[in-house]
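Peer 1: here is a sequence with its predicted model. Questions after.
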Amino acid sequence: MPKLLETVDLVTNFYTYEGVVKALNKVSLVVDHGSTFGLVGESGCGKSVTVRSIMRIIQEPGRIEGGKVIVYLDERDRLDGIDLLKQSEAYMESLRGDRISMIFQEPNAALNPTMSIGRQVSESFLFHQKKEMSAEILARLEALRNPFNRLLQALYRIAADNPGDIRLRILDKLPLLKLWQKRLKKEAHRRSIEIIDKLGIPDAKQVVKQYPHNLSGGMKQRIVIAIALACNPVLLIADEATSNLDVTIQAQILDLFRRLKEDVISSILLITHDLGVVAETCDRVGVMYAGNLCEVADVEELFENPLHPYTRALLEAVPKFTMEEELQSIEGNVPNLVTPPPGCRFHPRCPHVMDVCRREFPAMKEINKDHLVACYWVEQKKEDR
Ligand SMILES: Nc1ncnc2c1ncn2[C@@H]1O[C@H](COP(=O)(O)OP(=O)(O)OP(=O)(O)O)[C@@H](O)[C@H]1O
Ligand SMILES: [Mg+2]
């Protein structure tokens, strides 16, 4: 499968009073079109900072200080991709909640308490549809040839060339769209009910009239997912989106992700503590430790043949057959990222530590086919074979 998203040596630091928190230390990962990539690791290892850096929503005192975030969204940019770190903020705004949408753990933060559920889902549809609409209107205008239409054409072209919000503001002022507006709203309402229904929420017609406080946590999280999906994203990023929910609802939502990946979205980047979720949902997995990605492999390969000492420790800490446990802590402490250990950040806890591990930072190497590991010990074992 071709690549959809790639980070190359991503570096993000936080400038705090205690010192510089070196949160991401050259994180490189690839998410393919049509696949689900799971990112796992203990609390504080940098999973959220990774996806926030990808979306460029790192807040003060954080800074993305190195690397690339390349997306291959359209046929046009399939070859070289677009480096998001080089794009304008306006470009990012038009991408977020559109081609790429993101769901966080806490649904209350994502929902507006004063707006009905139906309206919130509809708005997401409308935003997307208006953008498509400007292209449709332009095509129609181009078919007509008189001076007045030329003028309109020019206006629509200006609108179409502008990103996100500005485009919508221009479009709202233009006469032709007004006629479409009513039709659009009706359509958005219909599709909101449809998607809420698809997400397994009973009585969608009633639910759209309600407000967030009327709904349970699980319901709210599904609505957040409905909003994220309403714009037909190519990539859905879910940061612990199901961790707050009880096991049955979590299972339903994950099942939903699997189905949705097939018919709506192209790829999912899933962050979770839960190895069971990874085993059931993901095609490929990346294991993070203290700001480094230490191992990436297809899901079966990772579970059957874990190579990095940290991954092995993680998997050993989980009861073999159930896998339903959260990641257990393993011996030793997670390093402080203000003064991380030199060399491999895992070396103080590693049972196989060698001299080089204390000095040099190991690069990711392909040890088996499509199985990448950043570890001198694993490399050496391979050479010895
Ligand atoms: N605003 C901030 N200021 C200072 N340090 C931060 C900030 N945000 C994150 N960090 C640091 O960056 C590191 C990575 O944090 P991150 O939130 O990505 O961890 P995580 O893997 O998502 O953990 P969890 O599983 O608990 O969500 C941590 O050491 C954290 O302390
Ligand atoms: Mg997190």
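Peer 2: Thanks, I have the structure now. Numbering: from 1, shown residues only. Ligands and ions are numbered 1, 2, ... in the order given.
Peer 1: where does V20 sit: helix, strand or coil?
Peer 2: Here V20 is recorded as strand under DSSP: H, G, I helix; E, B strand; the rest coil.
Peer 1: I should have written S192 there, sorry.
Peer 2: Going by three-state DSSP: S192 is helix.
Peer 1: I'd say it and E123 touch.
Peer 2: No. Using CB atoms under 8 Å, S192 makes no contact with E123, being 9.3 Å away. Where C-beta positions appear, they are placed from N, C-alpha and C, glycine not excepted.
Peer 1: more neighbours, those two?
Peer 2: Neighbour count, other CB atoms under 10 Å: between S192 and E123, S192 has more, with 27 against 16.
Peer 1: shaky segments in the protein?
Peer 2: Low-confidence segments of the chain, defined by pLDDT under 70, span residues 75-78, 130-153, 155-181, 263-265, 318-332.
Peer 1: run through the strands of it in chain order.
Peer 2: 3-16, 19-32, 36-40, 62-71, 82-83, 100-103, 235-239, 267-271, 284-289, 292-298, 365-368, 371-373 (DSSP state E).
Peer 1: distance between the shortest one and the chain's centre?
Peer 2: Pointing back at strand 82-83 there. 16 Å (CA atoms, centre = their mean, to the nearest Å).
Peer 1: so in that sheet, which strands flank it, and in what orientation?
Peer 2: Strand 82-83 pairs in its sheet with strand 62-71 (antiparallel), by DSSP bridges.
Peer 1: please apply the same query to the third one.
Peer 2: Looking at strand 36-40 with DSSP bridges, its partner strands are strand 267-271 (parallel), strand 284-289 (parallel).
Peer 1: can you check the last one too?
Peer 2: Sheet pairing here is set by DSSP bridges, and for strand 371-373 it gives strand 292-298 (antiparallel), strand 365-368 (antiparallel).
Peer 1: ditto for the second one
Peer 2: According to DSSP bridges, strand 19-32 has the following sheet partners: strand 3-16 (antiparallel).
Peer 1: what's the angle from the strand it pairs with to strand 235-239?
Peer 2: Put simply, strand 3-16 runs at 40 degrees to strand 235-239, going by axes from the mean of the first three to the mean of the last three CA atoms, to 10 degrees.
Peer 1: pull strand 3-16 out as CSV, backbone CA atoms only.
Peer 2: Provided in CSV are the C-alpha atoms of strand 3-16 (Å, rounded to 0.1, in the frame of the first residue of the first chain):
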residue,chain,number,x,y,z
LYS,A,3,2.2,5.8,2.1
LEU,A,4,-0.3,8.3,3.5
LEU,A,5,1.6,9.9,6.3
GLU,A,6,5.2,9.8,7.3
THR,A,7,7.2,11.5,10.0
VAL,A,8,10.9,11.8,9.6
ASP,A,9,13.2,12.4,12.6
LEU,A,10,10.5,14.4,14.4
VAL,A,11,11.9,16.4,17.3
THR,A,12,9.7,18.3,19.8
ASN,A,13,10.8,20.0,23.0
PHE,A,14,9.1,21.8,25.8
TYR,A,15,10.8,24.8,27.3
THR,A,16,9.8,24.6,31.0
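Peer 1: I'd say V71 and K86 touch.
Peer 2: No. Using CB under 8 Å, V71 is not in contact with K86; the gap is 11.5 Å.
Peer 1: relative to L256, how far out is the residue nearest the centre of the chain?
Peer 2: The centre of the chain sits closest to I237, judged by CA atoms, centre = their mean, with a distance of 2.1 Å. In this view, I237 and L256 are 16 Å apart by CB to CB, to the nearest Å.
Peer 1: number of nearby residues for V69?
Peer 2: Neighbours of V69 using other CB under 10 Å come to 22.
Peer 1: who's it bridged to?
Peer 2: For V69, the beta-bridge partners are T7 (DSSP bridges).
Peer 1: which residues touch it?
Peer 2: L5, E6, T7, V8, L10, S53, I54, R56, D83, L84, L85 (CB atoms under 8 Å, 6 or more residues apart in numbering).
Peer 1: any of the residues you listed buried? List them.
Peer 2: Neighbour-count burial (16 or more other CB atoms under 10 Å) applied to those gives L5, E6, T7, V8, L10, S53, I54, R56, L84, L85.
Peer 1: the first one contacts V71, correct?
Peer 2: Yes. With contacts counted by CB under 8 Å, L5 reaches V71, the gap being 5.4 Å.
Peer 1: who touches both of those two?
Peer 2: L235.
Peer 1: sorry, back to before: could the strands of the chain go into a markdown table alongside distance to R359?
Peer 2: Shown next, in a markdown table, are the strands of the chain (distance: least, CB to CB, whole Å):
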| stretch | distance to R359 |
| --- | --- |
| strand 3-16 | 20 |
| strand 19-32 | 15 |
| strand 36-40 | 28 |
| strand 62-71 | 21 |
| strand 82-83 | 32 |
| strand 100-103 | 38 |
| strand 235-239 | 34 |
| strand 267-271 | 31 |
| strand 284-289 | 18 |
| strand 292-298 | 16 |
| strand 365-368 | 17 |
| strand 371-373 | 19 |
